[in-house]
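Novice: take this sequence and fold it.
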Amino acid sequence: MTRIQYQECIDACIKCMNACNYSYVSSLKEYDLASLRESIRLDRECADICSYAVQAMTRQSPFVVEILRLCADICERCADESSRHRQTHCQECIDACRNAAMACRLISEAVEVYA
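Specialist: Residues are numbered from 1 along each chain as shown. As a prediction, this is how the structure comes out:
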């Protein structure tokens, strides 16, 4: 697959990475950090794997299917954890994570069939 074919997934991963980074930083400013501990950890993990997934797609890594599947799993976990909190930054993270997870699953399935 070419970068153009990956573009929708790349865009979704970048949006997710940005939303998770924003949620991460915003969570650190909250009064009750203890209640957000898992969300903070998953925001960081999700942002990192989204960044890595973008890199894997742009360089056409031979492991892109596995990386995108892992990215989708982490994005879904992050969305699930964020849904436990009512802070605005957590709520904004949910949609970005779910969209990235869906895009990663679709592309990983397409790449597997295409290969």
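Novice: now do the helices in the protein.
Specialist: Counting by DSSP state H, one finds helices in the chain at the ranges 3-28, 33-58, 64-82, 88-114.
Novice: winner for burial among the ones you listed?
Specialist: The highest mean neighbour count among the helices of the chain belongs to helix 64-82 (a mean of 22), with neighbours defined as mean count of other Cβ atoms under 10 Å. Every residue, glycine included, has its C-beta placed from N, CA and C.
Novice: rewinding a little: export the helices of the chain as CSV, with columns for mean pLDDT.
Specialist: CSV is the format used below for the helices of the chain (pLDDT from 0 to 100):
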stretch, mean pLDDT
helix 3-28, 93
helix 33-58, 95
helix 64-82, 97
helix 88-114, 90
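Novice: pLDDT value on the residue lying farthest from the centre of the chain, please?
Specialist: For the chain, the C-alpha lying farthest from the average C-alpha position belongs to Y31; by Cα atoms, centre = their mean, that distance is 25.5 Å. Each residue has a pLDDT score; the one for Y31 is 86.
Novice: how far away is it from C20?
Specialist: Y31 sits at a distance of 21 Å from C20 (criterion: Cβ to Cβ, to the nearest Å).
Novice: cool, and C90?
Specialist: 10 Å.
Novice: again with L42
Specialist: From L42 across to C20, the span is 8 Å (Cβ to Cβ).
Novice: isn't N99 right up against A12?
Specialist: Yes: look at N99 against A12 with Cβ atoms under 8 Å: they come within range, at 5.0 Å.
Novice: isn't C97 right up against I49?
Specialist: No: counting by Cβ under 8 Å, I49 is not a contact partner of C97; they are 10.8 Å apart.
Novice: which neighbours do those two share?
Specialist: Among the neighbours of C97, those also in contact with I49 (Cβ atoms under 8 Å, 6 or more residues apart in numbering) are C75.
Novice: what sits against M57?
Specialist: With contacts taken as Cβ under 8 Å, 6+ apart, M57 has the following neighbours: 3, 6, 9-10, 13, 64, 68, 107.
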